[in-house]
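**Q** Make a model of this:
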Amino acid sequence: MATETERRFEIDAVGRTPLVVAFVAVQALAFAAAYSVGQPTWYAYFIVGSTAVTAYALDGTSFTVATATAGSLLMIALGLPLFMFVARQTPALVIEKALDPDVHRVLYLGVYGPLLAAVLSLLFGVPLAHLLAKGFPGQPLVESLVDLPLVVPHSVAGIIILFGFGKSGAFPQFSVLGTMVGMVLAMAFVSAPYAVNASREAFEAIDDRLEYASRIHGANKWDTFRRVTGPLAVRGMITGGVLAWARAVSEFGAVAVVAYSVEFFYPFAGEKVTAQHAPVFVYNTYLQGGLEESGAVAFLLLAVSAAIFLLVRYLTDDGTAGGMP
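**A** Predicted structure coming up:
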């Protein structure tokens, strides 16, 4: 049963919902007005002021007003370019690109390739995450190795892949340069830390007494993981998989070095086709067609990625039927 604090929080959240909706509506109207007169700077000022007023209405303390105002500055840096990007799209050009078969293949590869990388990251990352959560000798070295791709420049990551698995590297029977295998490896290299770290945090949050109770009732380690540890950590695994997929979708440097163009089976054509990973294609479109054409393709990629991301988050949310308990 929910505690009194939880019930009060839920009631309070419901009571604030109209204020949040009103805040979003006002923001949309304010941006439309500022954009229509060619003064997006005015909207930046409006964000700061309206955030401060809203924070004062919700809480009334100077601390909340100060933190909300400071946070709104970051939201300007993150949100304003996105709003401007969407507002400045040419609908006719977006529709033209949406009907282009070449763009269809790029979008398919931009979702399919990262999905393979995310599955690969989870398949081998979850066991490693479980070991890291339990601890073992030499763990700091393994942790450093797992997190290293987070700080390695993207192009350097691609070069590392070629040194490790390219000509004269490991597994010479697998060609990585310009192949789907190389693309997935490059994506997995940069995205695996997200899958490992999110899964590890989920394992660390599980009460050790639950596993102990399972073991003293006769379950072995496999059964304990399958019936207790795994189900309790599945949300963290899903989160890690989504983050890994999202990171792979956005990868440019490593993929451009390892697999600039790849051949893959395209089910809608029933045959193998050649295409580029979406960020690489967007960059080439920018060089050849300019900002407007590349922006239309980027808009489509952003829309598809956001739709998939929101769908996964909805299906795994506690408040939905598809959510995990």
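
**Q** hey, let's count contacts and neighbours off CA atoms from now on
**A** Will do.

**Q** Now tell me which helix or strand of the protein has the poorest mean pLDDT.
**A** Sorting the helices and strands of the chain by mean pLDDT, DSSP states H and E puts helix 4-36 at the bottom, at a mean of 70.

**Q** buried set for the helix or strand that that helix is followed by?
**A** Sequence-wise, the next helix or strand downstream of helix 4-36 (DSSP states H and E) is helix 40-58. Residues of helix 40-58 classed as buried by neighbour count (16 or more other Cα atoms under 10 Å): Pro40, Tyr43, Ala44, Phe46, Ile47, Val48, Ser50, Thr51, Ala52, Thr54, Ala55, Tyr56.

**Q** Check these for the minimum pLDDT and say which it is.
**A** Lowest-confidence member of these: Thr54, scoring 83 (pLDDT).

**Q** what's the neighbour count on Glu204?
**A** Counted with other Cα atoms under 10 Å, residues neighbouring Glu204 total 15.

**Q** Can you tell me which of the buried residues of helix 40-58 is nearest Val282?
**A** Pro40 (25.6 Å; Cα to Cα).

**Q** A strand includes Lys272, no?
**A** Yes: using DSSP: H, G, I helix; E, B strand; the rest coil, the assignment for Lys272 is a strand.

**Q** is it true that Ala195 touches Ser121?
**A** Yes: taking Cα atoms under 8 Å as the definition, Ala195 is a contact partner of Ser121 at 6.2 Å.

**Q** which one of the two has more residues nearby?
**A** A side-by-side neighbour count of Ala195 and Ser121, using other Cα under 10 Å, places Ala195 first with 30 against 26.

**Q** any idea how far that one is from Ala307?
**A** 21 Å (Cα to Cα, to the nearest Å).

**Q** go on, Ala202?
**A** 25 Å.

**Q** So these two - more neighbours on which side?
**A** Ala202 (22 against 12).

**Q** quick one, what contacts that one?
**A** Ala202 makes contact with Leu232, Ala233, Val234, Arg235, Gly236, Met237 under the criterion Cα atoms under 8 Å, 6 or more residues apart in numbering.

**Q** Report the residue spans of the chain with pLDDT below the cut-off.
**A** Low-confidence segments of the chain, defined by pLDDT under 70: 1-17, 316-325.

**Q** most centrally placed residue in it?
**A** Taking Cα atoms, centre = their mean, the centroid of the chain lies closest to Ala246, which sits 3.1 Å from it.

**Q** Now do the contacts for that one.
**A** Pro114, Ser305, Phe309.

**Q** Let me know the helix or strand that the last one is in.
**A** I take that to be Phe309. helix 291-315.

**Q** roughly how far out does that helix sit from the chain middle?
**A** Put simply, helix 291-315 sits 12 Å off its chain's centre (Cα atoms, centre = their mean, to the nearest Å).

**Q** can you start the count at 38 instead of 1 from here on
**A** Renumbered: residue one is now 38, and that last one reads helix 328-352.

**Q** so what does that helix touch, helix or strand wise?
**A** helix 128-135, helix 138-171, helix 267-286, helix 315-326 (3 or more Cα pairs under 8 Å, 6 or more residues apart in numbering; DSSP states H and E).

**Q** if we go to 7 Å?
**A** Using 3 or more Cα pairs under 7 Å, 6 or more residues apart in numbering; DSSP states H and E, the elements in contact with helix 328-352 are helix 128-135, helix 315-326.

**Q** which helices and strands does the first one pack with?
**A** If I follow you right, that is helix 128-135. Secondary-structure packing of helix 128-135 (3+ Cα pairs under 7 Å, 6+ apart): helix 328-352.

**Q** Noted, bye for now.
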